[in-house]
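Participant: Could you work out the structure for the sequence below:
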Amino acid sequence: MNKKVYLVAFSLIVALTLSIIAPVQSVKFFKVDAVSAATNSENTSTQKQTTTTPATTTKSTQTQTTVKKSTTVTTTSSVNSIKRLLALGSYGEDVKFLQTLLNQRGYKLKVDGIFGPKTLAAVKDFQRKNGLKVDGIVGPKTLAKLNPAPAQTAATKPAQPTQQQVPQSEKVAVKIGKVDYAAHGTKCFTVAIAAVAGDKIVAAYIDDYQFMPKDVAKGVPNSDQEFGKSYPEGYVLGSKLTNAEYYSNNMKTKAGSTIPIDKNFAAIVNYVKGKTISELEAKLAQTTPENMVDAVTGATLVDTHGYVKAIVEAAKAAR
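Facilitator: As a prediction, this is how the structure comes out:
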């Protein structure tokens, strides 16, 4: 699959993800996650994130909502060494390049290749100071401001290009599917998004939402308004990715986990990219939930099987 397809799919996922606001129907349903990083003071059970859980727990997954979108797009050239849109949840060598550019502008980021909350805050601050749209998404305009000389070089075209020098437009049909899922236990819910070209997953996104102490966690929009009136006292509904540092520390303290939640999610997303829906379904059928962790390099979550299944369901919703 052409690398340009991944750029297109990722940009579409970013646009769709920004519009997600997770609904809260019942306080009873969303409580503290007792399996990984429980936050309720009454919960005294501890369980290592690398240990196995009963199959009956991981099998309690059910798709609740599906969204389907289809579009035809034209791929474009990338700027410098970054060949895709970068946003919260991205990771890799191009994210290290972004962090290096930001540090050259006075920011003090850890160059670890993970687009986390601190990198997001730096990007938004840079966009704000440079008259750009403050959306936290690093695209051509933001890159042009960060590294203007290479951007201008890439934009320069020959005065009289020959027919061989002008690339043909490559159109790729990409479909987007989204589901709300129960990938991990009964006290949180998962949002999964998949971009599909044909039967192949070209990009994906996952996040979990659960109630967290409001004095240490950031809640979803309107948590301090009427939407938050149904919350348990002292808690807000929060994204695990948005609150990755807090949640990962809880995972380490209560379950002995050594890999942060955002890196776990990134490893799962990296595993499904480039695979077909049928390939993933066959793998899920052949692999027990306990052994799925060994199949996904870099993931230690006991419910890795459930998260892969959530992405597959999102991909199927796109068809």
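Participant: Helix or strand with the lowest mean pLDDT in the protein?
Facilitator: Lowest on mean pLDDT, DSSP states H and E among the helices and strands of the chain sits helix 55-58, with a mean of 39.
Participant: Residue 215: how many residues sit nearby?
Facilitator: 8 (other Cβ atoms under 10 Å). Backbone N, C-alpha and C define where each C-beta goes, glycine included.
Participant: which residues sit in contact with the residue lying closest to it once chain neighbours are set aside?
Facilitator: Spatial nearest neighbour of residue 215, chain neighbours left out: residue 234 (7.6 Å); criterion: Cβ to Cβ, 6 or more residues apart in numbering. By Cβ atoms under 8 Å, 6 or more residues apart in numbering, residue 234 lies in contact with 213-215.
Participant: Low-confidence bits of this structure, can you list those?
Facilitator: 1-81, 149-171 (pLDDT under 70).
Participant: For the chain, which segments are assigned as helices?
Facilitator: Here the chain has its helices, by DSSP state H, at 3-17, 55-58, 93-104, 117-129, 140-146, 148-155, 244-255, 261-272, 277-286, 289-295, 304-318.
Participant: max-length strand in this structure?
Facilitator: strand 200-213 (DSSP state E).
Participant: Output it in PDB with nothing but the alpha carbons.
Facilitator: Once non-C-alpha atoms are left out, strand 200-213 reads as follows in PDB (Å, rounded to 0.1, in the frame of the first residue of the first chain):
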ATOM      1  CA  LYS A 200      -7.000  -3.400   4.200                       C
ATOM      2  CA  ILE A 201      -6.800  -1.200   7.300                       C
ATOM      3  CA  VAL A 202      -4.500   1.800   6.500                       C
ATOM      4  CA  ALA A 203      -4.900   3.700   9.700                       C
ATOM      5  CA  ALA A 204      -6.600   3.300  13.100                       C
ATOM      6  CA  TYR A 205      -7.200   5.100  16.400                       C
ATOM      7  CA  ILE A 206      -8.300   3.800  19.900                       C
ATOM      8  CA  ASP A 207      -9.000   5.500  23.200                       C
ATOM      9  CA  ASP A 208     -10.700   4.500  26.400                       C
ATOM     10  CA  TYR A 209     -12.900   6.600  28.700                       C
ATOM     11  CA  GLN A 210     -13.600   6.100  32.400                       C
ATOM     12  CA  PHE A 211     -14.300   8.200  35.500                       C
ATOM     13  CA  MET A 212     -11.200   9.600  37.100                       C
ATOM     14  CA  PRO A 213     -10.600  11.900  40.200                       C
END
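Participant: Would you mind pulling up the elements that that strand packs against?
Facilitator: If you count contacts as 3 or more Cβ pairs under 8 Å, 6 or more residues apart in numbering; DSSP states H and E, strand 200-213 packs onto helix 3-17, strand 189-197, strand 235-239, helix 261-272, helix 304-318.
Participant: Residue 84 is nearest to which of the helices of the chain?
Facilitator: helix 3-17 (4.2 Å; Cβ to Cβ).
Participant: Please report how far the closest residue to residue 252 other than its chain neighbours lies from residue 190.
Facilitator: Leaving out its chain neighbours, the residue that sits closest to residue 252 by Cβ to Cβ, 6+ apart is residue 258, at 7.0 Å. Between residue 258 and residue 190 the computed distance is 22 Å (Cβ to Cβ, to the nearest Å).
Participant: Which of the two has more residues huddled nearby?
Facilitator: Between residue 258 and residue 190, counted using other Cβ under 10 Å, residue 190 has the larger neighbour count: 26 against 11.
Participant: from what I can see the more buried one touches residue 183, true?
Facilitator: Yes - taking Cβ atoms under 8 Å as the definition, residue 190 is a contact partner of residue 183 at 4.0 Å.
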